[in-house]
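Participant: my questions are about this predicted structure, shown below with the sequence.
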Amino acid sequence: MAIDPIRRRPPLIFFFLFLFIGIWSPVESNYIAYNTTQRIVPDKLNVHLVAHTHDDVGWLKTVDQYYVGSNNSIQGACVQNVLDSMVTALLADKNRRFIYVEMAFFQRWWRQQNDAIKKIVKELVSSGQLEFINGGMCMHDEAAVHYIDMIDQTTLGHRFVKKEFGQTPRIGWQIDPFGHSAVQAYLLSAEVGFDALYFSRIDYQDREKRKDLKSLEVVWRGSKTLGSSADIFTGIFPKNYEPPPGDFYFEVNDKSPVIQDDVLLFDYNVEERVNDFVAAAIAQANVTRTNHIMFTMGTDFKYQYATSWFRQLDKFIHYVNKDGRVNALYSTPSIYTDAKYAANESWPLKTDDFFPYADDPNAYWTGYFTSRPALKGYVRTMSAYYLAARQLEFLKGRNSSGPTTDSLADALAIAQHHDAVTGTEKQHVANDYAKRLSIGYAEAEKLVESSLACLTSPDSKSGCYKPVVKFKQCPLLNISYCPPSELDLSTGKSLVVLVYNSLGWKREDVIRIPVISESVVVHDYEGREIESQLLPLTNASVYIRNHYVKAYLGISPSVKPKFWLAFPVSVPPLGFNTYFVSNSKQTGASMSSLCSSQGSKSSSIEIGQGHLKLLYNVDERKLSHYFNTRNLVKANVEQSYSFYAGYDKNGTDLQASGAYIFHPNGSFPIKPEGQVPLMILQGPILDEVHEQINPWIYQVTRVYKGKEHTEVEFTVGPIPVDDGIGKEVVTQLTTTMKTNKTFYTDSSGRDFIKRIRDYRSDWELQVNQPVAGNYYPINLGIYMEDNSTELSVLVDRSVGGTSILDGQIELMLHRRLLHDDGRGVAEALNETICINDKCEGLTVQGKFYFRIDPLGEGAKWRRSFGQEIYSPLLLAFSEQDGGNWTSSHIPNFSAMDSYSLPDNVALITLQALEDGSVLLRLAHLYEVGEDKDLSTMAYVELKKMFPDKKVSTITEMNLSANQGRATMEKKRLKWKAEGSTGSGTVVRGGPVDDTKLVVELGPMEIRTFLIKFEYIFFPKMGQP
């Protein structure tokens, strides 16, 4: 007989029927109006929900791929979707709020919107529902960037926000960079006008101690010179910039449980989710001061379908507030900051910086200080070129049509992103950054050439419209490729070399250009012969030239130069001088004498024609002594190379060395293979020592007659990896100095910060990585001192550096690794260059400079020569076929006539803006107490600086030029720090008198002005 299933199990079925019908039948599932009203409750814990997306301006995909949402096989991300859906979601509820950071993306989106959408977005911004935070073109890095680039990219974004929306961002939001610089705190936050700065990444040991002490939120005093006048309230997130622990991710297809509040559906979970929220809030409150905490509700490329997030946040606010244990509200970092300020609390004081950063005992993020050194060098070169090009654009007059510096500005701004110049992007993205820089350079190059042609024209004073002369430049001069200078002069032509100086003071230097003949002579514009020297082009240089010209340009050079022609130049401030290279039938350039260490009867060889002498040990073929006959400094100095083997993923420790992380697995000295002798070239201008360190490292050491420093040019690569071992190549300068574990490194090219090996000022460091944990970013230089001398090393790009041993400075020059380090890029840092489908490891060429001074006297060289490294002379070439150049051209020019800026002041911005005003920035180069003569108030006379222009109005601005300085100072929040005694005696310049027009600058002060000149003329290209 069949069994009736209903009759066999009646108790269970009837029980559930009774439960559903008897309990829930009176309840209906209707529309729920969620109460999202924003309010702060004084006697409760207030949870500020900050809806945000972190949109990398390039990383795994290029900036444009991220924007349009292409190449999703790598990463599903589309910024267009984020911004489109954000607008719709905010319109659905006036209480919802959202913040946006990266103006490179927003600017792309904005220009594609119609007027109706623009009107809606402006209303959202005006009401505070949409707030621009940080506001630069990107979220720039803080380790591998120069402060001038940080300022430029922030200014570009801030002025866009001001122009389109009339807003000035209030908050710094550096949530993803891998460590944080003092310059970011006092300069790019306080001096910009920010009220607070927020970020995530600090050392894991530091974070745990701060959580214990409730010191994640501090007053950061980044400048010992500017003191409390440049303090910034700084919030460090308890874990990261994502939602708190407890499953609060609500992108479409995220795994976190949503709030299911429909009683007619299964899985009703309101109480459970409210409890999760309250638990997360209480946990965060336990490591935070005051009754306000921030939940960062978002992460990388979230809110692509914004309603999926806001629907859940609406529900959390509604039900959490009904629960009553804590108060939840839609907020922004600005609202949160105001709440913290209103608490009238005193906060722990933080000084110096947050480097280096580690997220695990064996994971120090110090490799990226050097990663992709060629890209880092390219960014630095383009930065200097952009500075000079803007000056020339101003001097000529900005055109409303024709080439501008705008494209280069955009490319440089994006390149400052924390996954760009850092070298932590995928290879195809690095190629994209370089391509953008190249395109920007090509347009700026046209501007520079036309500007110089105009300035050399006799009618430049009355307006230059169609200059005849054609100038050419040599962007590959560093690899001895310069077609304009490889001119056959035997036909009677002369090579015209125009040398432009972007510095504000007169510059004496030596330039080098490749030439094809030894029969050359150099004259200045007054016809005087200039002493010059020929240095033969080495086989190593020729190989690099031919190989990389083919790789970059797709051509093989048709002409082979035989020599470098070196000669001294003297160039006025903000101006140029002209030199002429012609065929010499008799005497001309001096040929360098050539000798070799092989067969030398002496045990040592001395080089140096001036005060500086270097002594080389012939038997060991290496530098041994340094002597300056002027100041009588003597020192034992040796230079060496070695490499660290990159840790792979074998064994018990799976943390590999990669783009981000430096995890060495032993150090191995690199010694010359075989008996390759030193080659010494000597002449009246400079001496060179050529060293073939091994088959893939070549070095040239130069000492100039008129200089008291040593220049070292290194060529490293291709780094061999056939043995399966990634390598991180370093060089050391070793002395007998007693440095007591102490050295100094710059902060983003600005202040110098004291470092002590195996020590942190904020906590007791547990040393796990004695090498990687002592590496620091270097953008300007590193130095060490003992009781009598100081050794300074300056660099031409961002590198990592340290002092692992007393008396020794170490720089990392190049990295080639075979494993990914597991931090998201999913690609080994293995750069190659390919020609005809044949690939080899990338070769990197660069320079560093060193000098030893009596104690207390090194700052002047570091600061003044540091500016010369950052802003090299700009060379432009033309031809003269008979005639007299000086009779038809202006050969010598200075925009400042006979005036020069003070030795302690740099001109870091001179830019003609679209509205006819001029942006001017002047920077004091010295910290307080750094130099006995130059760490003092400086004075710049604008009337002398601009002798042919009359200032109509001058307005001092904040650093990013989006608000008046006085307005900024008046409204910026002033925070109380525990144990602080105030600013002390901070020296700052006073207001600029409209009549006297003298700008005062105190130590480390940067002042920004908008100037309008009378009679300044911005012509259209070709205007009659």
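Facilitator: Happy to help now that I have it.

Participant: got the contact list for residue 102?
Facilitator: 55, 57, 136-139 (Cβ atoms under 8 Å, 6 or more residues apart in numbering). Quick note: C-beta positions are derived from backbone N, CA and C, even for glycine.

Participant: same check on residue 812?
Facilitator: Counted by Cβ under 8 Å, 6+ apart, residue 812 has contacts 369-370, 662, 728-730, 775, 799-801.

Participant: assign it to helix, strand or coil.
Facilitator: With DSSP: H, G, I helix; E, B strand; the rest coil as the basis, residue 812 sits in strand.

Participant: okay, the contacts of residue 102 in JSON lines with pLDDT and secondary structure next?
Facilitator: JSON lines is the format used below for those (pLDDT from 0 to 100; DSSP: H, G, I helix; E, B strand; the rest coil):
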{"residue": "55", "pLDDT": "98", "secondary structure": "coil"}
{"residue": "57", "pLDDT": "98", "secondary structure": "coil"}
{"residue": "136", "pLDDT": "98", "secondary structure": "coil"}
{"residue": "137", "pLDDT": "98", "secondary structure": "coil"}
{"residue": "138", "pLDDT": "98", "secondary structure": "coil"}
{"residue": "139", "pLDDT": "98", "secondary structure": "coil"}
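
Participant: closest one of those to residue 303?
Facilitator: For the contacts of residue 102, the minimum distance to residue 303 (Cβ to Cβ) is 9.7 Å, reached by residue 55.

Participant: for the longest helix along the chain, which positions count as buried?
Facilitator: Among the segments of the chain that qualify as a helix by DSSP state H, the longest is helix 427-455. For helix 427-455, the neighbour count (16 or more other Cβ atoms under 10 Å) marks 429-430, 432-434, 436-437, 440-441, 443-445, 447-455 as buried.

Participant: and what of stretch 399-410?
Facilitator: 399, 403-405, 407-410.

Participant: quick check: next helix or strand after the longest helix of the chain?
Facilitator: Counting by DSSP states H and E, the next helix or strand C-terminal to helix 427-455 is strand 493-501.

Participant: that next one packs against which elements?
Facilitator: When contacts are defined as 3 or more Cβ pairs under 8 Å, 6 or more residues apart in numbering; DSSP states H and E, strand 493-501 packs onto strand 507-515, strand 563-571, strand 575-583, strand 874-881.

Participant: let me know the average pLDDT across that strand.
Facilitator: Strand 493-501 shows a mean pLDDT of 96.

Participant: pull the distance from it to the chain's centre.
Facilitator: How far strand 493-501 lies from its chain's middle: 32 Å, per Cα atoms, centre = their mean, to the nearest Å.

Participant: which residues touch it?
Facilitator: Contacts for strand 493-501 (Cβ under 8 Å, 6+ apart): 388, 392, 452, 456, 471, 484-485, 487, 489, 507, 511, 513, 569, 571-582, 873-881, 885.

Participant: of those residues, select the buried ones using a ChimeraX command.
Facilitator: If you want just the buried ones from the contacts of strand 493-501 in ChimeraX, going by 16+ other Cβ under 10 Å, the selection is:
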select :388,392,452,456,471,484,485,487,489,507,511,513,569,571,572,573,574,575,576,577,578,579,580,581,582,873,874,875,876,877,878,880,885
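
Participant: residue 88: how many residues sit nearby?
Facilitator: Applying other Cβ atoms under 10 Å, we find 13 other residues in the vicinity of residue 88.

Participant: tell me what the strand or helix carrying it is packed against?
Facilitator: Using DSSP H and E, residue 88 sits within helix 79-91. Contacts defined by 3+ Cβ pairs under 8 Å, 6+ apart place helix 79-91 against helix 63-68, strand 98-100, helix 103-111, helix 115-127, helix 306-323.

Participant: so how far is the fourth one off the chain centroid?
Facilitator: To tie it back to what came earlier, the one meant is helix 115-127. For helix 115-127, the distance to the chain centre is 33 Å (Cα atoms, centre = their mean).

Participant: what residues does it touch?
Facilitator: By Cβ under 8 Å, 6+ apart, helix 115-127 touches 87, 90-91, 94, 110, 113, 130-132, 164-165, 167.

Participant: just the buried residues from those, in PyMOL please.
Facilitator: To isolate the buried members of the contacts of helix 115-127 in PyMOL, using 16+ other Cβ under 10 Å:
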select buried, resi 87+90+110+130+131+132+164+165+167
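
Participant: dump the contacts of helix 115-127 into TSV; add pLDDT and distance to residue 64 as well.
Facilitator: Shown next, in TSV, are these (pLDDT from 0 to 100; distance: Cβ to Cβ, whole Å):
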residue	pLDDT	distance to residue 64
87	98	21
90	98	26
91	98	28
94	97	34
110	98	15
113	97	18
130	98	23
131	98	26
132	98	21
164	97	21
165	98	24
167	96	26
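
Participant: where does pLDDT dip in the stretch 551-700 of the chain?
Facilitator: Along the stretch 551-700 of the chain, segments meeting pLDDT under 70 span 597, 599-601.

Participant: sorry, slip of the keys, the one I care about is the stretch 301-450 of the chain.
Facilitator: For the stretch 301-450 of the chain (pLDDT under 70), the answer is none.

Participant: so which residues of it form strands?
Facilitator: 327-330, 346-347, 349-350, 358-360, 363-364 (DSSP state E, counting those that start in this stretch).

Participant: pairing partners for the longest one, with directions?
Facilitator: Meaning strand 327-330. strand 46-51 (parallel) (DSSP bridges).

Participant: for the second one, same thing?
Facilitator: Sheet neighbours of strand 346-347, with direction, are listed as strand 976-977 (parallel) (DSSP bridges).

Participant: same question for the third one.
Facilitator: Each strand pairing with strand 349-350, determined using DSSP bridges, is listed with its direction: strand 217-220 (parallel).

Participant: just checking, what packs against the next helix or strand after the strand it pairs with?
Facilitator: Scanning forward in sequence from strand 217-220 by DSSP H and E, the next helix or strand is strand 232-236. When contacts are defined as 3+ Cβ pairs under 8 Å, 6+ apart, strand 232-236 packs onto strand 196-199, strand 217-220, helix 333-342.

Participant: and those as TSV, adding mean neighbour count and distance to residue 176?
Facilitator: Converted to TSV, those look like this (neighbours: other Cβ atoms under 10 Å; distance: least, Cβ to Cβ, whole Å):
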stretch	mean neighbour count	distance to residue 176
strand 196-199	24	8
strand 217-220	24	18
helix 333-342	20	15
